[in-house]
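[1] Just a sequence and a predicted model for now, questions to come.
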Amino acid sequence: MHIRRAFAVLALASSPLAACGDAPSAGMARADAVKVAYSVEGMHCDGCAGAIVAEVQEVKGVRTVECTFASRQAVITLDDPSARPEAERAITRLGYRIAPAPAAAAAQEPDSR
């Protein structure tokens with residue numbers, strides 16, 4: 001009888017539901033996330049913006065990337081601020097030139113996560 005009880009307790013403790021209160025919700029932002037904005041020179045179309053998004057999303061520590069040809073800006077939200085140089089290199093490796101954009105550009109759309 002004790003073996004069955006021990007097994008039931010072990011099964012419950014290893015259940016994914018057991019850790020629900022420990023992990024942050026997928027929709028909640030980490031307090032240390034940083035949003036940076038860049039003006040991007042050298043884009044010729046929406047495909048260029050898409051290439052930037054695809055490349056920067058691959059950088060570890062990047063949460064989100066928004067880039068449009070119309071704005072000629074890239075806005076990157078970093079979960080790990082130390083990923084910033086690698087995110088910048090991801091854009092420049094594609095042949096684009098970047099410059100820091102005004103802080104207002106990074107704050108235009110609040111991160112609702």
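    Cool, the structure landed. Just so we're clear, the structure is a prediction, and the values are computed from it rather than from any experiment. Numbers count the residues shown, from 1 in each chain.
[2] Run through the helices of this protein in chain order.
    Using DSSP state H, the helices of the chain run over residues 2-13, 46-57, 84-93, 103-107.
[3] what comes into contact with the third one?
    Residues external to helix 84-93 that are found in contact with it (CB atoms under 8 Å, 6 or more residues apart in numbering): 34, 36, 38, 40, 52, 55-56, 58-62, 65, 74, 76, 78, 98. For the C-beta atoms, the positions are set from N, CA and C on the backbone; glycine is no exception.
[4] try it again with 7 Å
    Helix 84-93 has contacts (CB atoms under 7 Å, 6 or more residues apart in numbering) with 36, 40, 52, 55-56, 59, 62, 74, 76, 78, 98.
[5] ditto for stretch 36-47
    Residues outside stretch 36-47 that contact it (CB under 7 Å, 6+ apart): 49, 52, 67, 69, 72-76, 78, 84, 91, 95-101, 105-106.
[6] Just these: which are in strands?
    67, 73-76, 78, 97-100 (DSSP state E).
[7] out of those, which are buried?
    Buried members of these, counted by 16 or more other CB atoms under 10 Å: 67, 73-76, 78, 98.
[8] May I ask which two of the ones in strands among the contacts of stretch 36-47 are separated the most?
    Maximum pairwise distance in those, criterion CB to CB, is 20.5 Å, between 78 and 97.
[9] Return the member of the helices of the chain having the minimum mean pLDDT.
    For those, mean pLDDT drops lowest on helix 2-13, to a mean of 42.
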